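>>> Provided below for reference: sequence and predicted model.
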Amino acid sequence: QEDDETILGKYATLTLNLAAEIYVEGVAVEHPPPEISPTVGTAIRTFRVFGYEEEDGRGDPWFLGAFRYDIDGTRSLQEFAVEPEVDHLPKMQSVTLAIDSNWGADYACLYRFRIHGQ
């Protein structure tokens, strides 16, 4: 079990309740493309994702993975699969995004965060 300190992100922590319980298979992060956003340095860089069987991030966290958003990638919407080592995940009711770093600005900006599953 993780304690609260290891779940918190350096820049921000966002917990979302899901409309229905799902088996989380992946997440997607989006930042506006550089052509329309002059603040690419605010895009999140490294982040971790945790799932919970209960709403509001209550209960024991399931570590779903640590990821890196690539501002030089070909797409502004980037998808990340749950770690293959994570086996036998239960259905989740809430998911926490812990933002650990960005691309150089004094603050981080998250345009869109999606959770994929069934």
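Here it is on my side, so go on.
>>> From Y11, how far out is the nearest residue to G117 once chain neighbours are set aside?
Sequence neighbours aside, I22 is the residue nearest to G117 in space, at 3.8 Å (criterion: Cβ to Cβ, 6 or more residues apart in numbering). (C-beta placed from N, C-alpha, C; glycine too.) Counting by Cβ to Cβ, to the nearest Å, the gap from I22 to Y11 is 26 Å.
>>> re earlier: can you get me a residue count around the residue nearest to G117?
Close neighbours of I22, defined as other Cβ atoms under 10 Å, add up to 16.
>>> Enumerate every residue touching it.
I22 sits next to K91, M92, I115, G117, Q118 when contact means Cβ atoms under 8 Å, 6 or more residues apart in numbering.
>>> what about the second one, how many neighbours?
Looking back up the chat, that one is M92. Residue neighbour count, defined by other Cβ under 10 Å, stands at 20 for M92.
>>> what do you get for V27?
Look at V27: counted by other Cβ under 10 Å, it has 23 neighbours.
>>> What values do phi and psi take at G57?
When read as degrees, to the nearest 10, the backbone of G57 gives phi 70, psi 30.
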